[in-house]
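Engineer: quick one: sequence plus predicted model below, questions after.
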Amino acid sequence: MSQQAPVIISSESPFASDVFAKRHPALIERLTGAWPFGPGQRKALSELAEEGVHGVIRPLPDSAVDAQLWHEWGSAYYGRRWVEVPFLWAESFFYRRLLEAASFFEPGPWQGVDLFAPFKQAELAGEVVSAEIAALDDVADLADDERGQALLLSSLWGNRADLALQITSGRYVQASGLVADDSERLWKLLLSAPGGTVALVADNAGSEMLADLVLIDHLLACGLAGKVVLHVKPAPYYVSDATPVDVADCLRALLHGKGEAQAISERLHAAAAVGRLQVRADAFWCSPFDFTVMPQSLRDELGSAVTIFKGDLNYRRLVGDRWWDPATPFAEVTNYFPGRTAALRTLKSDVVVGLQTQQVGDLDQAGTSWRTSGTHALIQVHP
Ligand SMILES: O=P(O)(O)OC[C@@]1(O)O[C@H](CO)[C@@H](O)[C@@H]1O
């Protein structure tokens with residue numbers, strides 16, 4: 001890479017500043033409304049809300065399971081205001097502190113309880129998901145390549161169903177357009193190594209995971225993938241990020257859907273039983289770093305697969321959460337990554353690469369918040 005762009009510090013970005021000033025306090029308010037938390041948890045949550053807006057970053061208590069790790073990871077940041085440190089690190093630590101406040105890792109009744117479950121479950125039981133499940137019967141009649149493209153786009157736009165984004169922006173945002181579309185290259189890549197391993201690094205549960213599972217079924221059924229490894233988060237994170245339980249919930253929703261949905265769920269269960277579909281939840285996915293410091297074991301694993309990264313956060317971590325010139329080639333910033341890579345992402349933060357300068361000018365002129373509102377999306381592939 002010729003030159004690294006500066007890392008995004010939240011105070012330099014109106015979008016990132018708002019995440020701390022508005023999104024996090026609103027989320028904490030919703031959580032306190034959704035759970036019968038006791039006084040200790042309520043106090044910890046309201047202190048976290050206050051700290052995020054007016055205070056300085058406090059470390060985890062020494063008694064926390066991973067206190068030592070986070071003490072190291074954040075040594076340069078404790079005692080500073082949340083918006084004055086790298087956005088990527090601070091958001092990740094916020095979600096870790098949220099779990100601490102809700103006693104997620106502590107032995108006791110709240111241990112392992114997904115505090116975002118009420119929101120995830122409401123989405124899965126909602127009309128959007130029912131309509132998606134019903135529509136699968138029509139998609140099944142399409143020719144293979146047409147069906148593949150329809151499922152790829154549905155997995156891509158499923159990323160708009162982001163519960164963190166909805167907390168401050170209302171329900172679903174209207175889709176607008178693709179600012180980069182390497183989908184043809186992605187199909188060529190998959191066709192060039194049929195029967196290989198595809199790694200799908202997932203983002204959100206619910207509607208998006210449902211679409212991801214349907215795409216995975218297609219890749220396995222057409223022989224484009226011999227095996228799919230579905231990477232999810234080991235713990236609740238960024239509100240709607242999928243965990244293994246969310247994968248199981250989506251498979252169950254498909255199973256109860258009858259018709260093609262039921263058939264997909266049965267095929268995926270069968271694939272899981274023989275190891276053709278594997279679910280992995282590596283601790284690295286909840287760490288506050290970009291993928292340049294990915295552990296060697298994960299690098300090796302993804303290096304021999306075609307890896308599809310879903311969503312905004314994975315994009316920020318793949319290209320680096322930096323103030324890139326949007327015309328910087330995607331290949332240049334992902335060159336360090338060991339394998340063949342695709343990013344499927346709706347744009348929900350400042351970071352973007354691989355666009356044309358003229359195109360960026362036109363988008364800026366249109367006056368919309370195209371980089372952060374989830375109205376635009378991209379499919380980028382390397383090599
Ligand atoms: O990874 P996802 O679910 O697509 O998006 C995560 C997100 O909602 O969280 C961050 C702000 O809180 C942004 O990067 C992005 O908007």
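Structural biologist: Thanks, I have it. Numbers count the residues shown, from 1 in each chain.

Engineer: every contact and neighbour count from this point should use C-alpha atoms.
Structural biologist: Noted.

Engineer: what separation do you get for residue 202 and residue 232?
Structural biologist: Residue 202 sits 6 Å away from residue 232, going by C-alpha to C-alpha, to the nearest Å.

Engineer: cool, residue 288 as well?
Structural biologist: Here residue 288 is placed at a distance of 15 Å from residue 232 (C-alpha to C-alpha).

Engineer: again with residue 155
Structural biologist: Going from residue 155 to residue 232 by C-alpha to C-alpha gives 15 Å.

Engineer: residue 309 too?
Structural biologist: When residue 309 is compared with residue 232 (using C-alpha to C-alpha), they lie 11 Å apart.

Engineer: common neighbours of those two, please.
Structural biologist: Shared contacts of residue 309 and residue 232 (C-alpha atoms under 8 Å, 6 or more residues apart in numbering): 201-202.

Engineer: what's the next secondary structure element after the helix or strand of the chain with the lowest mean pLDDT?
Structural biologist: In the chain, no helix or strand scores lower on mean pLDDT, DSSP states H and E than helix 163-169, which sits at a mean of 52. Tracing the chain past helix 163-169, the next element assigned as helix or strand by DSSP states H and E is strand 177-181.

Engineer: show residues contacting the helix or strand following that following strand.
Structural biologist: Per DSSP H and E, strand 177-181 leads on to helix 183-192 as the next helix or strand towards the C-terminus. Outside of helix 183-192, the residues within contact range by C-alpha under 8 Å, 6+ apart are 149, 224-225, 306, 342, 379-381.

Engineer: same check on stretch 326-336?
Structural biologist: So stretch 326-336 is contacted by 1, 292, 318-320, 351-357, 360, 380-383 (C-alpha under 8 Å, 6+ apart).

Engineer: which of residue 288 and residue 232 has more residues huddled nearby?
Structural biologist: Neighbour totals were compared for residue 288 and residue 232, and residue 232 leads with 27 against 20 (other C-alpha atoms under 10 Å).

Engineer: burial count for residue 368?
Structural biologist: By other C-alpha under 10 Å, neighbour count at residue 368 equals 11.

Engineer: no, scratch that, I was asking about residue 239
Structural biologist: By other C-alpha under 10 Å, neighbour count at residue 239 equals 21.

Engineer: surely it touches residue 99?
Structural biologist: No: in this structure residue 239 lies outside contact range of residue 99 using C-alpha atoms under 8 Å: 11.0 Å.

Engineer: overlap in contacts of residue 202 and residue 232?
Structural biologist: Here residue 202 and residue 232 share the contacting residues 241-242, scored by C-alpha under 8 Å, 6+ apart.

Engineer: wait, does stretch 113-129 contact the ligand?
Structural biologist: No: Stretch 113-129 stays clear of the ligand (C-alpha under 6 Å from any ligand atom), getting no nearer than 12.7 Å.

Engineer: in the stretch 251-383 of the chain, which spans are helices?
Structural biologist: 259-273, 296-303, 311-319, 330-334, 357-365 (DSSP state H, counting those that start in this stretch).

Engineer: who are the packing partners of the longest one?
Structural biologist: Spelled out, that is helix 259-273. Contacts defined by 3 or more C-alpha pairs under 8 Å, 6 or more residues apart in numbering; DSSP states H and E place helix 259-273 against helix 127-139, helix 207-221, helix 244-255, strand 277-280.

Engineer: domain map for the protein?
Structural biologist: 10-115, 119-382 (automatic domain parsing).

Engineer: from the chain's centroid, how far away is the last one?
Structural biologist: Taking C-alpha atoms, centre = their mean, to the nearest Å, one finds the center of domain 119-382 at 8 Å from the center of the full chain.

Engineer: hang on, isn't residue 339 packed against residue 298?
Structural biologist: No: assessed by C-alpha under 8 Å, residue 339 is found out of contact with residue 298, at 11.2 Å.

Engineer: so between those two, which is more surrounded?
Structural biologist: Shown here are residue 339 and residue 298; by other C-alpha under 10 Å, residue 339 has more neighbours (19 against 11).

Engineer: which residues touch that one?
Structural biologist: Contacts of residue 339 (C-alpha under 8 Å, 6+ apart): 302-307.

Engineer: then residue 312?
Structural biologist: 345-349.

Engineer: roughly how far does it sit from residue 240?
Structural biologist: Taking C-alpha to C-alpha, one finds residue 312 at 12 Å from residue 240.

Engineer: residue nearest the centroid of this structure?
Structural biologist: What sits nearest the mean C-alpha location of the chain, by C-alpha atoms, centre = their mean, is residue 203, with 2.7 Å.
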